[in-house]
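[1] Here you go, sequence then predicted model.
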Amino acid sequence: MNCLQCSKKSCRSAVSCGAESFDQETVLETYRQQDEKSAVKAAARLVDGGRAGTLSRIEELVEFSKEMGYRHIGLAYCYGMEDIARCTGDILKESGFRVTGISCTVGALRQDQINQNSSLPGVSCDPLGQAAQLKSQRVDLAVLIGLCLGHDMLFTRHYSGDMTTLVVKDRPFSHDPVKGIRKHCATVPPAV
């Protein structure tokens, strides 16, 4: 199955193409679990009723977090984006949340301690330390801000809780990866 190669797009009219390899009843049963029902309801409030495209991502984050009943939000951020993380924290605090920010340099581990093949001097990024610290502080939601590609994957592998990405690092395009995609594919329409 490869939806990019499908010309019918029947699923967009609630008609299965029949090529799925997952059990739909198992998926539906998972959606019926309370945690998933809450997330589905909160996400729907952001897009239903003509609201899709009317809120910025930070506004969505605030509304979604309130709907989910989160009180303590953790920010796992790249030290190069500390100003963005600080501003994000201020917005969240003004919206009534407790905020904990954890830099990628938490633990002060050297490059050669994390990557034995590294000859770089100085401190290393430590996404596993960020995940462990946010878990130990029992945040309700972890928000990733500009973690490097690979570091974001390590964080998500080792963090066992609700999380989302607020900012994706893309330095050449001011952290807007869609610009990089459009540079290579001029036919990409505006986002829906």
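    Received the coordinates, thanks.
[2] Return the set of buried residues in the helix or strand where C87 lies.
    Per DSSP states H and E: C87 is located in helix 82-94. For helix 82-94, the buried set under the neighbour-count rule, 16 or more other Cβ atoms under 10 Å, comprises 82, 84-85, 88-89, 92. Glycine gets a C-beta too; all of them are placed from N, C-alpha and C.
[3] Do you have the strands of this structure handy? List them.
    72-77, 98-103, 141-145, 163-167 (DSSP state E).
[4] who does the last one pair up with?
    The strands that strand 163-167 pairs with in its sheet are strand 141-145 (parallel) (by DSSP bridges).
[5] Off-centre distance for the partner strand?
    6 Å (Cα atoms, centre = their mean, to the nearest Å).
[6] what's the answer for stretch 18-25, then?
    26 Å.
[7] One more: stretch 70-79?
    Distance, centroid of stretch 70-79 to centroid of chain: 11 Å (Cα atoms, centre = their mean).
[8] buried residues in that stretch?
    70, 73-78.
[9] same check, this time on stretch 26-42
    So for stretch 26-42, counting by 16+ other Cβ under 10 Å, buried means A42.
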